[in-house]
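Peer 1: sequence unknown, structure follows:
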């Protein structure tokens, strides 16, 4: 929310006017997962938090136990050491209890994995190709209307606060739609990642990987990700920008040939032209 | 564990007639003596540690604030990151913990006069400087169109290591790593043979000290994993030749992902190769300074065996985002979680060893206690990452960097320093200055935590690894992390001050300077032990106070 918008990118200006100003990017000094925008990320966050509490409890337990042992059995307090080297019961307990904890963890973990990975019936497809060093987005279902385009990173002067996140042409997708993402690469490995969507899929030359996302209703806005597999000198500089718009706006965008500048030139009339 | 009755081990005074050392050059360059080779390994590890540490320090300087300050290009940063990983793993941790302490103390602990193949031992060591020189050369020769050196990460994934790095820089790395790999394989054969065949009379496998157990398991891991690395490096090598093979080139029917599978089939056991000997060292230190035999000795030994075995069947948890079949991911998820069980057994057994003990907080014990706690922190974040669903958010972010530095930079390295302070008097014959050693410990302990704990936050917030520059939202925790690097650097100065002081002051160390808790065979020998040891093999009596 409240991201400072720059008028330099025409698309940003257009969508800033027409869509809710919901944006997701890393939070300043943040220490937690980015806000979830898809059902998968909602579940992922839940599982993360669940596992987080388990592992924090285990760590604190070990810390307190160690502290107690260091205090109680220091040379001063306990000059004569015991010679105990066995206790079958305790050994069984510290083997079985961790197994139980893992079993408790593995059930929701498997559920999330299959939710993430088993593709539902998707309503549209986008194709993402990693190049050195930019992303190419194509809409195979809308081939006749929207041409594939390249999304280049903006330089610091143009991107301002959003340097290394902002691009000159965002991937545009409709909200509340199950979208299949095909990911591939034209040369090196890359990885298409949008943290708020719970999406990270490697772009591998010679392979087409599949993943999916569905942005929750009301979560229109701009989302940012960064290439997440080492791809060479400009690995740090191939951001991913996704504009999530309402279904109507998406239709208008498609009707305009998917061109940002055309939409901007039409200005307010773009809205009126649609019924 | 091992009870040595009074007078059974025999006298090995410094004036023993077998203590005639060869001249300097013959002693250190033709060396076949396990102790001298161990010393060479340790010196080599320290030198590599300085190089690797310098690389990481430069990276932290660069990352202290957004923008590009110190490096020319992202490529140069990638070169530093890649070489930091390779040098720390292959030339610092492995030589120090396996070559150094393994050579020094495995033969002594099992009551053997030397390693089984002393000349092969010499070869194992001297392959390493050659290998390191190859890696250092690679810095200075062309790598890719972007500049000198290889910047494809320590994992060396193609196509960045094939078509992406056409220059000779990566060829030098291949040659260097092949040499280092053969060094490790020879070392592994040597340790396995020594431990299986040269134990003193009465030293059964189930009486063998845990450090020897840990090195035995490690040696098997090396023997099984390193050939896979050698093969995959060789495949990269032939792929790189113009008109060569296309194992990993989709245009020639190959698959870049096959390399990742091969690499991690080696790479995951490699993680345990680095940490298992540290487990062994920490067991001895905890037992010594609690004045108690280790709790659940058999459980401890077989937990290491279990970790070693399971470590071979979990490799693809490094690859959850490559587009694997979901059922395969489910298997790797479950198998990975299993490792938490034997690891837990080890942690709790150390705590139980201390329970009821009479604990002395000596310097090695401080490192051991820190090791246990920090290893728990690194271990539980490993449980988080094992969950393939959550890993999608965390894969290739700083969360992973934090996780593996907690288990390696704080696990393996704390294990190394733990062993170093425990055995320093035994190896050198001199006692270290407690205050310098304590300053080293505390600065290091605070420093590495300040470096790596905030990196969890960066990772959760989505900061990817291997970035020379980052969006300004990540600045705060990067700054904190870099500040930790300065603290750690101060700790490193105290380590060297401690070394210099000890060798100037030369306070002699007695045979068993730790007293009653130290029960393994090295404490029956003078400090330092004579050049040749156990001319009459020690006899380990059958006792039942052990376990």
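Peer 2: Received, thanks. Since the model is a prediction, treat every value here as computed from it, not as a measurement.
Peer 1: mind listing the helices for the stretch 351-500 of chain B?
Peer 2: In the stretch 351-500 of chain B, the segments counted as helices under DSSP state H, counting those that start in this stretch are B:363-386, B:388-394, B:398-407, B:413-428, B:434-460, B:475-505.
Peer 1: okay if I get those helices as a markdown table plus distance to residue B:121, mean pLDDT and mean neighbour count?
Peer 2: Placement of C-beta: from N, CA and C, glycine included. Output for the helices of the stretch 351-500 of chain B, formatted as a markdown table (distance: least, CB to CB, whole Å; pLDDT from 0 to 100; neighbours: other CB atoms under 10 Å in any protein chain shown):
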| stretch | distance to residue B:121 | mean pLDDT | mean neighbour count |
| --- | --- | --- | --- |
| helix B:363-386 | 26 | 96 | 24 |
| helix B:388-394 | 41 | 96 | 27 |
| helix B:398-407 | 29 | 97 | 23 |
| helix B:413-428 | 17 | 97 | 25 |
| helix B:434-460 | 30 | 97 | 21 |
| helix B:475-505 | 25 | 97 | 17 |
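Peer 1: what's the closest of those helices to residue B:513?
Peer 2: Closest of the helices of the stretch 351-500 of chain B to residue B:513 is helix B:413-428, at 5.2 Å (criterion: CB to CB).
Peer 1: Is the closest one in proximity to chain A?
Peer 2: No. Figure legend: helix B:413-428 not in contact with chain A (CB under 8 Å from any CB of the partner chain); closest approach 14.6 Å.
Peer 1: got the end-to-end distance for stretch A:202-210?
Peer 2: 10 Å (CA to CA, to the nearest Å).
Peer 1: and what of stretch A:115-130?
Peer 2: 25 Å.
Peer 1: Kindly state the beta-bridge partners for residue A:245.
Peer 2: Under DSSP bridges, the beta-bridge partners of residue A:245 are residue A:174.
Peer 1: Roughly how far does it sit from residue A:222?
Peer 2: 10 Å (CB to CB, to the nearest Å).
Peer 1: Burial check on the closest residue to residue B:198 other than its chain neighbours, number of neighbours?
Peer 2: Computed as CB to CB, 6 or more residues apart in numbering or on different chains, the closest residue to residue B:198 that is not its neighbour in sequence is residue B:112, at 3.8 Å. By other CB atoms under 10 Å in any protein chain shown, 24 other residues sit near residue B:112.
Peer 1: again with residue B:21
Peer 2: 12.
Peer 1: So it: helix, strand or coil?
Peer 2: Assigned with DSSP: H, G, I helix; E, B strand; the rest coil, residue B:21 falls in the coil class.
Peer 1: ok, it touching residue B:27?
Peer 2: Yes. Under the criterion of CB atoms under 8 Å, residue B:21 makes contact with residue B:27 at 5.7 Å.
Peer 1: Next, work out how far apart the residue in chain A positioned nearest to chain B and residue B:162 are.
Peer 2: Nearest residue of chain A to chain B: residue A:206, at 2.2 Å (CB to the nearest CB). Note on residue A:206: its distance to residue B:162, by CB to CB, is 13 Å.
Peer 1: Of these two, which one has the most company?
Peer 2: residue B:162 (27 against 17).
Peer 1: how about the residue of chain A positioned farthest from its centre, secondary structure?
Peer 2: With CA atoms, centre = their mean as the measure, chain A has its most outlying C-alpha, relative to the mean C-alpha position, at residue A:80: 56.5 Å. Three-state assignment for residue A:80 (three-state DSSP): coil.
Peer 1: What values do phi and psi take at the spatially closest residue to residue B:476 that is not a sequence neighbour?
Peer 2: Of all residues not flanking residue B:476 in the chain, residue A:29 sits nearest, at 3.9 Å (CB to CB, 6+ apart). Phi and psi for residue A:29, reported as degrees, to the nearest 10, are phi 60, psi 20.
Peer 1: Pretty sure residue A:29 sits against residue B:473.
Peer 2: Yes. Using CB under 8 Å, residue A:29 is in contact with residue B:473, at 7.3 Å.
Peer 1: ok, these two, which is more surrounded?
Peer 2: Between residue A:29 and residue B:473, residue B:473 has the larger neighbour count (other CB under 10 Å), namely 23 against 15.
Peer 1: who's in contact with the residue nearest to that one when sequence neighbours are not counted?
Peer 2: Nearest residue to residue B:473, sequence neighbours excluded (CB to CB, 6+ apart): residue A:26, at 4.0 Å. Residues in contact with residue A:26, defined by CB atoms under 8 Å, 6 or more residues apart in numbering or on different chains, are A:34, A:195, A:224, B:461, B:462, B:463, B:471, B:473, B:474.
Peer 1: Repeat that for residue A:210.
Peer 2: Counted by CB under 8 Å, 6+ apart, residue A:210 has contacts A:119, A:180, A:181, A:182, A:183, A:201, B:323.
Peer 1: Show me which positions of the host helix or strand of it end up buried.
Peer 2: Using DSSP states H and E, residue A:210 maps to strand A:209-213. Residues A:209, A:211, A:212, A:213 are the ones in strand A:209-213 that count as buried (16 or more other CB atoms under 10 Å in any protein chain shown).
Peer 1: Please list all residues in contact with the second one.
Peer 2: Same thing as residue A:211. Residue A:211 neighbours (CB under 8 Å, 6+ apart): A:116, A:119, A:180, A:181, A:183, A:199, A:201.
Peer 1: So which of these reach chain B?
Peer 2: Taking CB under 8 Å from any CB, the overlap between the contacts of residue A:211 and the neighbourhood of chain B is A:116, A:183, A:199, A:201.
Peer 1: and the two most separated of those residues?
Peer 2: Every pair of the ones next to chain B among the contacts of residue A:211 checked by CB to CB; the farthest is A:116 and A:183, at 14.3 Å.
Peer 1: Model confidence at the residue nearest to residue A:71 when sequence neighbours are not counted, what's the number?
Peer 2: Using CB to CB, 6+ apart and skipping the chain neighbours, the partner closest in space to residue A:71 is residue A:77 (7.4 Å). According to the prediction, residue A:77 has pLDDT 94.
Peer 1: likewise residue A:275?
Peer 2: 28.
Peer 1: Looking at chain B, which residue is nearest chain A?
Peer 2: Counting by CB to the nearest CB, chain B gets nearest to chain A through residue B:250 (2.2 Å).
Peer 1: Quick check: the gap between that residue and residue A:204.
Peer 2: 8 Å.
Peer 1: picking that back up, enumerate every residue touching the residue of chain A closest to chain B.
Peer 2: Residue A:206 touches B:250, B:251, B:254, B:255, B:256, counting by CB under 8 Å, 6+ apart.
Peer 1: Just give me the neighbour total for the second one.
Peer 2: Neighbours of residue B:251 under the rule other CB under 10 Å: 10.
Peer 1: Against residue A:94, how distant is the nearest residue to residue B:405 once chain neighbours are set aside?
Peer 2: Using CB to CB, 6+ apart and skipping the chain neighbours, the partner closest in space to residue B:405 is residue B:452 (4.7 Å). Look at residue B:452 and residue A:94: by CB to CB, they are 27 Å apart.
Peer 1: now residue A:200
Peer 2: On the measure of CB to CB, residue A:200 and residue A:94 end up 35 Å apart.
Peer 1: before we move on, what about residue B:93?
Peer 2: 28 Å.
Peer 1: So which of those two has more stuff around it?
Peer 2: Just comparing residue B:93 and residue A:94: by other CB under 10 Å the higher neighbour count belongs to residue B:93, 28 against 19.
Peer 1: Let me know the pLDDT of that one.
Peer 2: 97.
Peer 1: Contact distance from chain A - what residues of the stretch 201-350 of chain B qualify?
Peer 2: So far as CB under 8 Å from any CB goes, the stretch 201-350 of chain B lies against chain A at B:250-251, B:254-257, B:290-297, B:299, B:321-323, B:326, B:329-330, B:333-334, B:337-338, B:340-341, B:344-345, B:347-349.
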